[in-house]
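*Asks:* need coordinates for the following:
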Amino acid sequence: MENNRPERNFRFGGVRVSVWRDLRKGTDGGSYERRSVTLDRAYKDTDGRWKNTQTLKESDIPKAIAALQHAFEYMTEKGGDEAE
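*Replies:* This next block holds a predicted model:
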């Protein structure tokens, strides 16, 4: 069963980095965990509805760096990617 929810989110302002966990089968038949991230920014459109974009403004870059750093530390702590 595939999980459609991120394992963990890191938010700084409107910037969010989500960590996704995936179980993979190795060439030896064993399984291993792999984690990946997505990055997006929330904003309100002209009608006041919340939307998400992958486009960052200049002021979003430090927030993205901080969120990615936290995600990296989390992923390093959890381990995984043994097959790489």
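*Asks:* tell me where the chain has helices.
*Replies:* Remark: helices assigned in the chain by DSSP state H are 61-78.
*Asks:* any regions of it where pLDDT drops low?
*Replies:* Per-residue confidence of the chain (counting by pLDDT under 70) places the weak regions at 1-3, 80-84.
*Asks:* residues in contact with the strand of greatest length in it?
*Replies:* Longest strand in the chain, counting residues (DSSP state E): strand 31-44. With C-beta atoms under 8 Å, 6 or more residues apart in numbering as the test, strand 31-44 has contacts from 6-7, 14-26, 50-57, 60, 64, 67-68, 71, 75, 78-83. C-beta coordinates here come from the backbone N, C-alpha and C atoms, glycine included.
*Asks:* name only those of these that count as buried.
*Replies:* Using 16 or more other C-beta atoms under 10 Å as the burial test, these include 6, 14-19, 21, 60, 64, 67-68, 71, 75, 80 as buried.
*Asks:* how close does residue 7 get to residue 15?
*Replies:* 18 Å (C-beta to C-beta, to the nearest Å).
*Asks:* for the longest strand of the chain, buried residues please.
*Replies:* 32-33, 35, 37, 39-41.
*Asks:* now the angle between helix 61-78 and that strand, please.
*Replies:* Note on geometry: by axes from the mean of the first three to the mean of the last three C-alpha atoms, to 10 degrees, strand 31-44 and helix 61-78 are set 160 degrees apart in direction.
*Asks:* who does strand 31-44 pair up with?
*Replies:* Using DSSP bridges, strand 31-44 pairs in its sheet with strand 15-25 (antiparallel), strand 50-53 (antiparallel).
*Asks:* which residues touch the longest one?
*Replies:* Right, strand 15-25. With contacts defined as C-beta under 8 Å, 6+ apart, strand 15-25 is touched by 3, 6-11, 31-42, 56, 60, 63-64, 67-68, 70-71, 74-75, 80, 83.
*Asks:* ok, now the last one?
*Replies:* By C-beta under 8 Å, 6+ apart, the residues outside strand 50-53 that reach it are 40-45.
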